[in-house]
Every structure is written in C-alpha cells, then in structure tokens.
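[1] got a structure for you, letters missing:
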C-alpha cells in the first residue's frame, strides 16, 4: 500500500514536471511521421492480467518486423531514435502508473509471447508484483539493441540469451525488493540515462 501511494504521488509529480517535454515530444512525433503519437502494445502485468503499455511512437506506423529492435532498425524514425536514446519515449508510462497498471520500479512488462517462455515457477513469482518503468534488468540491458545488432538472429538471441538473464534479475528483484532498494534503482536509472 505504501509503495502504491509513493507510485501515485511520484507519477503525478512526474507528469506535472515533464508535461512540457511530453508536449514537445508529441508535437515532434506528429509533425515528422504519419500515424498516432502514442504507441500502444499489450503487455502482461500483475497476476497475468494484460494491459496496454503507453509509449511515444518511435517507429513508422504499420512497419512490419520482429518485436525486438536491433541497432539502427530502419523502422525507427529520426525523432524516434532521439526519444529512445533519452528514454523520453517511456514517459507516457507515468500514466500507466497512475492507472495502476505499473509501478515506478518493478520487472519490465513483457509481451505475452515472451512471458510464455518464462519457466512456470519464475513466471508466478515475477507476476506477483506490478511491472515497472525501470528495474535492474533495464539498467543491465540498457544497450540491448546494440547487442542484438551484433547477432545473426536477434529474435532467437533475445529468447535464448537475454530473456533467461532478465528472468533471473526479475526474480531477484521480487525476492529482495524494498523501499530503499527502489530508491537506489531509480537513482541508478537516472545516472545511467544522464551518462549516455
């Protein structure tokens, strides 16, 4: 309950503080690429319930391709590349936090296809908490797209190499989570983004 109260307060404050930046991002997306400003995708949340995650659209609307992106994916727009590099594309997830879909800190929500790859026991553990905007796996795999760009089959590499490591990190987070731990993860995330 205390974590939820902190989430609502911090997400509300975050929306208020970043609203000018989000407005600029929305205008930039709209003016530079046809299609919706917001990208919506089904993800799996607490208890296995699905929800629509919100992001600023960074790819050309309707462009076909894999669900993972690798390196300089031609589907990514010029503005989208900047939004991704600065993580501004993730700011609409503050709305997901206010809605109760997500927390500020928690295992990143995956698409149903990848959740089906998780071992059953770990799946129950990971889905026992709200997914988050950031977590230790987000920090460790900050350069995931670059790693995927260096392999022949990014999708297979993601499922066989990256996803199992993420599952370990998700479970470790769930088993050790605390208020102080969440604060440290938020600070590490801010330092990581600022350092790029």
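    That came through, no problem. This is a predicted model, so every value here is computed, not measured.
[2] Show me the strands in this structure, by range?
    All strands of the chain, identified by DSSP state E, fall at 38-44, 50-56, 103-105, 132-134.
[3] Adding distance to residue 150 and mean pLDDT, write those out as CSV.
    Heads up, the C-betas are built off the backbone N, CA and C, glycines and all. Shown next, in CSV, are these (distance: least, Cβ to Cβ, whole Å; pLDDT from 0 to 100):
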stretch, distance to residue 150, mean pLDDT
strand 38-44, 25, 96
strand 50-56, 25, 98
strand 103-105, 29, 97
strand 132-134, 24, 97
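[4] I'd like these as TSV, with mean neighbour count appended.
    Shown next, in TSV, are the strands of the chain (neighbours: other Cβ atoms under 10 Å):
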stretch	mean neighbour count
strand 38-44	16
strand 50-56	19
strand 103-105	26
strand 132-134	25
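[5] Quick check: which of those is nearest to residue 124?
    strand 38-44 (12.2 Å; Cβ to Cβ).
[6] chain center to that closest one: distance?
    Strand 38-44 sits 10 Å away from the centroid of its parent chain (Cα atoms, centre = their mean, to the nearest Å).
[7] Return the list of strands paired to that strand, each annotated with direction.
    Under the criterion DSSP bridges, strand 38-44 sits next to strand 50-56 (antiparallel) in its sheet.
[8] Run through the helices of this structure in chain order.
    Taking DSSP state H as the criterion, the chain carries its helices at 2-32, 78-86, 93-99, 112-115, 120-126, 136-140, 144-149, 154-157, 163-176, 179-195.
[9] Out of those helices, flag the one nearest residue 43.
    helix 112-115 (8.0 Å).
[10] need the contact list for residue 94.
    11, 14-15, 18, 133 (Cβ atoms under 8 Å, 6 or more residues apart in numbering).
[11] Between those residues, identify the one with the most neighbours.
    The most neighbours of any of the contacts of residue 94, using other Cβ atoms under 10 Å, belong to residue 133, which has 25 neighbours.
[12] which one is it nearest to, not counting chain neighbours?
    Distances taken as Cβ to Cβ, 6 or more residues apart in numbering place residue 93 nearest to residue 133, at 5.0 Å, with adjacent residues excluded.
[13] how about the one you found, what does it touch?
    53-55, 102, 133.
[14] Pick out the most distant pair among these.
    55 and 102 (11.9 Å).
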